[in-house]
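Novice: Any chance you could fold what I've pasted below:
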Amino acid sequence: MNLTRYPRLVDLLAAEYVLGTLRGAARRRFQRYADQDASIRTAIDAWQRHLAPMAELAEPRMPPAAVWEAIERRLGLRAAREAARPRSGAATPARPSRGLVDNLAFWRGWAIGATALAAIAVVVAVRALLPAASVPTAPTPAPTIAQKPAPSVSHVAVLNSTDARPVMLLAWDEGRSTMTLQPLGKVDVPPGRTMELWGIPANGHPVSLGLLPDSATGTVTAGQQKPENYEALAVSIEAPGGSPDHHAPSGPVVLTGKLLPVS
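Specialist: Now for the predicted structure:
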């Protein structure tokens, strides 16, 4: 298969490869493609540059003790420690210094960084996965007054179902006052009903941001609404035309998610 014919697929696979979600035979096969094709290696390098600095932005979480035990077993540290334990009546041997690879603190720090990286990966991924967020490869001329604002995704949200399943990705382009939707899972809209998007401010009542297409795909107009006014987004199921009260859903709220700034 000639992957270079499908640049979007290469980009998606490179993202999964760097994040570590591409595993097993698929990962090994993609690595072989990368070894033979410079453009695939370039895609991988680009994702590594995007994600490497991001570990600092998320709060670290300590993995369970079983993780350290597994690392010790793989590195042979547990067996070495048992062997080095002095027997009864024997002199205690001097403890040799451990290098970076044998230092368990190093592996713990690396694992914490990897956990933080995964936590914010979806924010960084929007820049490469959505056309509105792509970085131009050629120099662009200076804008004129007649030109529209350049595409720029300023905020993103992953909207989850009530059982914490990611269902929809929303990218807010404040410069163009548009919101781009991309489904992440199955969107269930009952027949004769529609989805309505709500902005949830830190204080005050919800604000209707408009109706969404049943496919959860495409671009909708944000109007005069500003993403910085809202901490979260929600989606309710409404009758055609939306909720009669533009300050509160009349139907069940089925999706919610925090609205996060990209930069």
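Novice: Could you point out which residue ranges in the stretch 1-150 of the chain have low pLDDT?
Specialist: Scanning the stretch 1-150 of the chain with the threshold set as pLDDT under 70 gives 1, 52-61, 78-150.
Novice: Now with 90, please.
Specialist: 1-30, 33, 46-150 (pLDDT under 90).
Novice: In contact with E174: list those residues for me.
Specialist: Residues in contact with E174 (C-beta atoms under 8 Å, 6 or more residues apart in numbering) are S152, S154, H155, A222, K226, P227. C-beta coordinates here come from the backbone N, C-alpha and C atoms, glycine included.
Novice: So among the residues you listed, which ones count as buried?
Specialist: S154, H155, A222, P227 (16 or more other C-beta atoms under 10 Å).
Novice: nearest to G24, of these?
Specialist: When the buried ones among the contacts of E174 are ranked by distance to G24 (C-beta to C-beta), H155 comes first, at 34.9 Å.
Novice: and that closest one, helix, strand or coil?
Specialist: The three-state label for H155, taken from DSSP: H, G, I helix; E, B strand; the rest coil, comes out as strand.
Novice: Could you report the distance from it to E69?
Specialist: 41 Å (C-beta to C-beta, to the nearest Å).
Novice: For burial, what's the neighbour tally of the residue lying closest to H247 once chain neighbours are set aside?
Specialist: Nearest residue to H247, sequence neighbours excluded (C-beta to C-beta, 6 or more residues apart in numbering): H205, at 4.4 Å. As a burial measure, H205 scores 11 neighbours (other C-beta atoms under 10 Å).
Novice: what's the answer for the one 3 residues further on, then?
Specialist: Residues contacting S208 under the criterion other C-beta under 10 Å number 19.
Novice: Give the helix, strand or coil label for it.
Specialist: Applying three-state DSSP: S208 is strand.
Novice: Looks like V10 contacts A43 (just checking).
Specialist: Yes. Using C-beta atoms under 8 Å, V10 is in contact with A43, at 5.2 Å.
Novice: Please say which of these two ends up with more neighbours.
Specialist: Taking neighbours as other C-beta under 10 Å, V10 and A43 compare with A43 leading, 24 against 21.
Novice: need the contact list for the closest residue to that one other than its chain neighbours.
Specialist: Spatial nearest neighbour of A43, excluding adjacent residues (C-beta to C-beta, 6+ apart): A14 at 3.9 Å. A14 is in contact with I40, A43, I44, A46, W47, counting by C-beta under 8 Å, 6+ apart.
Novice: repeat for L197
Specialist: For L197, the contacting residues are L170, M179, S208, L209, G210, L211, L212, V220, L233, A234, V235, by C-beta under 8 Å, 6+ apart.
Novice: What residues are bridge-paired with the last one?
Specialist: Under DSSP bridges, the beta-bridge partners of V235 are L197, L255.
Novice: Would you confirm that it contacts M195?
Specialist: Yes. Counting by C-beta under 8 Å, V235 touches M195, with 5.2 Å between them.
Novice: now V189, nearest residue through space, not along the chain?
Specialist: Per C-beta to C-beta, 6+ apart, closest to V189 is D214, 4.8 Å.
Novice: Quick check: the gap between the one you found and L181.
Specialist: With C-beta to C-beta as the criterion, D214 and L181 are 11 Å apart.
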